[in-house]
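# Predicted coordinates and the sequence they were generated for:
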Amino acid sequence: MCGTRTARRSAMAAPFVLRNLCGARPALRWPSAQLPWVPRRGHRLTPADDELYQRTRISLLQRESPHAMYIDSYNSRGFTVNGNRVFGPCALLPQSVVQWNVGSHQDITEESFSLFWMLEPRIEIVVVGTGDRTERLQSEVLRAMRRRGIAVEVQDTPNACATFNFLCHEGRVTGAALIPPPGGSPLTSLPQAAE
């Protein structure tokens with residue numbers, strides 16, 4: 001019986017002793033109006049200290065990737081790429097634009113895609129714009145591209161242009177094979193990616 005009392009006393013005294021050894025003191029709870037001292041700032045806050053009043057200025061010295069291809073606009077006759085007018089179907093490569101000798105999605109063959117797998121650095125994805133509607137490409141053509149490790153994304157031309165711009169903005173090594181949408185559509189400008 002005497003041993004259990006000693007054990008209880010030492011168990012109850014242990015937190016008190018540990019608290020005193022570590023220098024910890026129980027927290028004093030003063031009502032906020034009765035604090036013995038008032039906290040003071042070293043300086044007075046002004047509108048310049050508040051983030052809501054500050055303005056951020058950005059000086060754009062150079063585009064992130066000055067050699068990237070961007071499709072500015074398209075119409076039934078062709079495309080505007082980096083400010084240059086391209087008439088008819090075109091192939092966009094990472095550093096250049098070339099005329100693409102196809103008339104419609106039915107003319108797209110393994111040979112017409114050959115320029116995309118001959119390049120270094122290797123193109124990751126080719127975005128194909130098939131006019132005003134998404135058309136199915138021949139399965140042999142898609143298999144040939146897959147064998148060479150190049151992904152193919154087939155879309156209507158307006159969406160293909162936007163996808164190409166997005167992928168280029170992300171820094172992907174991207175190519176595009178674009179057929180202008182038929183009809184008398186006016187010049188359509190694409191929104192540029194946010195800087």
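Yes, it's here. Fair warning: this is a prediction, and the values are worked out from it, not measured in the lab.
# mind listing the helices in the protein by residue range?
Counting by DSSP state H, the segments of the chain that form helices are 2-21, 114-117, 139-147, 157-169.
# Mean pLDDT lowest where, among those?
Across the helices of the chain, helix 2-21 has the smallest mean pLDDT, namely a mean of 52.
# for residue 171, phi and psi?
In this entry, residue 171 is assigned phi and psi values of phi 90, psi 10 (degrees, to the nearest 10).
# so how far is residue 93 from it?
Shown here: residue 171 relative to residue 93, a distance of 16 Å by CB to CB, to the nearest Å. (C-beta placed from N, C-alpha, C; glycine too.)
# again, but for residue 80
When distance is defined by CB to CB, residue 80 is 17 Å away from residue 93.
# How about residue 136?
Going from residue 136 to residue 93 by CB to CB gives 25 Å.
# likewise residue 147?
For residue 147, the distance to residue 93 under the criterion CB to CB works out to 20 Å.
# Tell me which of those two has more neighbours.
residue 93 (18 against 9; other CB atoms under 10 Å).
# Just give the closest residue to the more buried one, not the sequence neighbours.
Excluding the flanking residues, the one nearest residue 93 by CB to CB, 6 or more residues apart in numbering is residue 175, at 5.6 Å.
# Would you agree that neighbour is in contact with residue 95?
No: using CB atoms under 8 Å, residue 175 and residue 95 do not qualify as a contacting pair, with a distance of 10.8 Å.
# more crowded one of the two?
Between residue 175 and residue 95, counted using other CB under 10 Å, the more crowded position is residue 175 (24 against 9).
# which residues touch residue 144?
Neighbouring residues of residue 144 by CB atoms under 8 Å, 6 or more residues apart in numbering: 110, 113.
# 7 Å - rerun?
Taking CB atoms under 7 Å, 6 or more residues apart in numbering as the definition of contact, the neighbours of residue 144 are residue 110.
# follow-up on the earlier one: the residue nearest to residue 93 reaches residue 116, doesn't it?
Yes: taking CB atoms under 7 Å as the definition, residue 175 is a contact partner of residue 116 at 5.0 Å.
# any shared contact partners between the two?
Common contacts of residue 175 and residue 116, defined by CB under 7 Å, 6+ apart, comprise 123, 126.
# Surely residue 99 touches residue 87?
No: checked against CB under 7 Å, the pair residue 99 and residue 87 is beyond contact range at 8.1 Å.
# the strands in the chain, which residues?
Defined through DSSP state E, the strands belonging to the chain, from first to last, are 71-75, 78-81, 84-87, 90-92, 97-99, 125-130, 151-155, 174-179, 188-189.
# CA-only coordinates of stretch 104-113 in PDB, if you can.
The C-alpha coordinates for stretch 104-113 follow below in PDB (Å, rounded to 0.1, in the frame of the first residue of the first chain):
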ATOM      1  CA  SER A 104      -8.000  17.300 -98.400                       C
ATOM      2  CA  HIS A 105      -7.800  14.800 -95.600                       C
ATOM      3  CA  GLN A 106      -8.100  12.000 -98.100                       C
ATOM      4  CA  ASP A 107      -4.700  13.000 -99.600                       C
ATOM      5  CA  ILE A 108      -2.900  12.600 -96.300                       C
ATOM      6  CA  THR A 109      -0.600   9.600 -96.700                       C
ATOM      7  CA  GLU A 110       2.500   8.100 -94.800                       C
ATOM      8  CA  GLU A 111       4.600   9.900 -97.400                       C
ATOM      9  CA  SER A 112       3.000  13.300 -96.700                       C
ATOM     10  CA  PHE A 113       3.900  12.900 -93.000                       C
END
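# Many thanks, I have nothing further to ask.
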